[in-house]
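J.: here's my sequence, what's the structure:
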Amino acid sequence: MDQALLRPGRFGKLLYVPLPNPDERGLILKALARKKPLDTDVDLVAIGRSDGCANFSGADLFSLMNEAVMAAIEEKLSKIEAATSARMEGTSGSLSESILGGMPHTIKAIHFYQGLAKISPSVSEEQKQYYHQLQERFKCMAC
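T.: Numbering: from 1, shown residues only. Next up is the predicted model:
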């Protein structure tokens, strides 16, 4: 955590919020994807349970969702560029048909896995253990 946030008077209390477990990560991804056009092959619960999401915080999952969206956009732009080039060369029919193929563009499971290759957990295993031990120590002090 940024030390500036920990200065006296900023926050009255510090709370320990553990990292989400695999099932919770899936639920967080579902909440983040609520209004996103997901393909039918996307299993957010399975993605949340995957080893690639181990030690991901809610913010990390937000970044993963953004990376998946960007991967889908980049794929779409590549298709548009290819269709435009083909159209300019006269080898293609309707530009809109070749770009869309009659189907809306969606975020696919592969886009999430591409995102996982780009990001890593913001909390290291050492930090996770430190905060857990700190929480245990303060919990015992309140007993």
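J.: now this structure, which segments are flagged as low pLDDT?
T.: Applying pLDDT under 70 to the chain flags the ranges 1-2, 5, 14, 91-104, 140-143.
J.: which parts of this protein are strands?
T.: Assigned by DSSP state E, the strands in the chain number zero.
J.: show me the helices in it, by range?
T.: Taking DSSP state H as the criterion, the chain contains helices spanning 22-32, 44-49, 58-88, 95-100, 109-118, 125-141.
J.: mind saving the C-alpha coords of the fifth one as PDB?
T.: As requested, the backbone C-alpha atoms of helix 109-118 are provided in PDB (Å, rounded to 0.1, in the frame of the first residue of the first chain):
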ATOM      1  CA  ALA A 109     -11.900 -17.400 -23.600                       C
ATOM      2  CA  ILE A 110      -8.700 -17.100 -25.600                       C
ATOM      3  CA  HIS A 111      -8.800 -13.300 -24.900                       C
ATOM      4  CA  PHE A 112      -8.700 -13.900 -21.200                       C
ATOM      5  CA  TYR A 113      -5.800 -16.300 -21.500                       C
ATOM      6  CA  GLN A 114      -3.900 -13.700 -23.600                       C
ATOM      7  CA  GLY A 115      -4.600 -11.300 -20.800                       C
ATOM      8  CA  LEU A 116      -3.200 -13.700 -18.200                       C
ATOM      9  CA  ALA A 117       0.000 -13.800 -20.200                       C
ATOM     10  CA  LYS A 118       0.400 -10.000 -19.800                       C
END
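J.: any residues touching that helix, and which ones?
T.: With C-beta atoms under 8 Å, 6 or more residues apart in numbering as the test, helix 109-118 has contacts from 39, 41-43, 47, 50, 52-53, 63-72, 75. Every residue, glycine included, has its C-beta placed from N, CA and C.
J.: show me what contacts the closest residue to L32 other than its chain neighbours?
T.: Computed as C-beta to C-beta, 6 or more residues apart in numbering, the closest residue to L32 that is not its neighbour in sequence is M65, at 4.5 Å. M65 makes contact with 29, 32-33, 36, 115, according to C-beta under 8 Å, 6+ apart.
J.: now with 7 Å, please.
T.: 29, 32-33 (C-beta atoms under 7 Å, 6 or more residues apart in numbering).
J.: tell me which residue is most central in the chain.
T.: Nearest to the mean C-alpha position of the chain, by C-alpha atoms, centre = their mean, lies L64 at 1.8 Å.
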